[in-house]
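A.B. asks: Okay, sequence plus prediction incoming.
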Amino acid sequence: MVWPFKKSPVEQKAFDAAAWEALIDQGAKTAAGIYVSPLKAMDCPSVAASLRIRVETLGSCGLHLYQRGPGDERSRATGHPLYPLLHDRPNPWTSSAELVMQLETDTITEGAGYALANRVGDKIVELIRLDPLAVVEKFDVTSMEPVYEYTAPGGGVRRYGWSDILHIPSSLNFANRHGARPLSAIRQARRAIGLAMSLEAHAARLLGNGARPSGVISTEGKKLDDTAYKRLLTSWRGAHSGENSG
């Protein structure tokens, strides 16, 4: 039997696990042909080192709450109920340094860091970090106060007022402008990061092959005598051997 319709063969392409992972992590393809997401950008040594230096430095500084006394004198407000949350442990499973480092990481990679001020009555008893990708900042149309919609991992959207959310924005904040997500330093620099990763991969492949570029030197039909040949050979080796290899 001959079927009237024949299924055309489907072109099989090699599965690019790195590109797929970057896409899942909301990465964008750069001009260098590399998908760069906040997670993928950590494969770039300079980006990872810069992020580590910044967040670890801030984490080591500590959080302190101060009060003003007579003569505008400033002293630590160790008796304030928020002091142990900020200085010691924002919640039972997170230290103060860990929260600072995580919020700063969120700000650099996603453009903003968020923590929920969990209350019992009117008292704040915990500060809990929220996934920045699950938070959408909006404004109340009447009061123009910011409100935050958080999509919980198990589903459902919870709405919080500005007094219930600790919001750490980036220096360039275009959130809520025509529904745009916050700008992050990583996403703004993704083209430069992609170029650096591409150059690093190219250099690694070149050195892995012995740093020996292939090619042909042509004299356009002109015959070289022995003197000219030796001069050309010396010039080529001087330009492409030793420290100039590759």
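C.D. replies: Sure thing, it's come through.

A.B. asks: What is the least confident helix or strand in the protein?
C.D. replies: Ranking every helix and strand in the chain by mean pLDDT, DSSP states H and E puts helix 17-24 at the bottom, with a mean of 52.

A.B. asks: Pull the number of nearby residues for residue 112.
C.D. replies: Residue 112 has 20 neighbours, counted by other Cβ atoms under 10 Å. Where you see a C-beta, it was placed from the backbone N, CA and C, and this is true even at glycine.

A.B. asks: for stretch 124-144, which positions count as buried?
C.D. replies: 124, 126, 127, 129, 130, 132, 135, 136, 137 (16 or more other Cβ atoms under 10 Å).

A.B. asks: again but with stretch 92-103, I slipped
C.D. replies: In terms of neighbour count (16+ other Cβ under 10 Å), stretch 92-103 has its buried residues at 94, 96, 97, 99, 100, 101, 102, 103.

A.B. asks: So what touches it?
C.D. replies: Stretch 92-103 has contacts (Cβ atoms under 8 Å, 6 or more residues apart in numbering) with 55-56, 58-63, 86-90, 113-115, 126-129, 166, 168.

A.B. asks: now stretch 141-151
C.D. replies: Residues outside stretch 141-151 that contact it (Cβ under 8 Å, 6+ apart) are 114, 116, 130, 134-140, 157-162, 164-165, 167.

A.B. asks: go with 6 Å
C.D. replies: 130, 134-140, 157-160, 162, 165 (Cβ atoms under 6 Å, 6 or more residues apart in numbering).

A.B. asks: Turn those into a markdown table, columns for pLDDT and secondary structure.
C.D. replies: As requested, the contacts of stretch 141-151 are exported to a markdown table (pLDDT from 0 to 100; DSSP: H, G, I helix; E, B strand; the rest coil):
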| residue | pLDDT | secondary structure |
| --- | --- | --- |
| 130 | 95 | strand |
| 134 | 92 | helix |
| 135 | 92 | strand |
| 136 | 89 | strand |
| 137 | 88 | strand |
| 138 | 87 | strand |
| 139 | 84 | strand |
| 140 | 81 | coil |
| 157 | 92 | strand |
| 158 | 93 | strand |
| 159 | 93 | strand |
| 160 | 94 | strand |
| 162 | 92 | helix |
| 165 | 95 | strand |
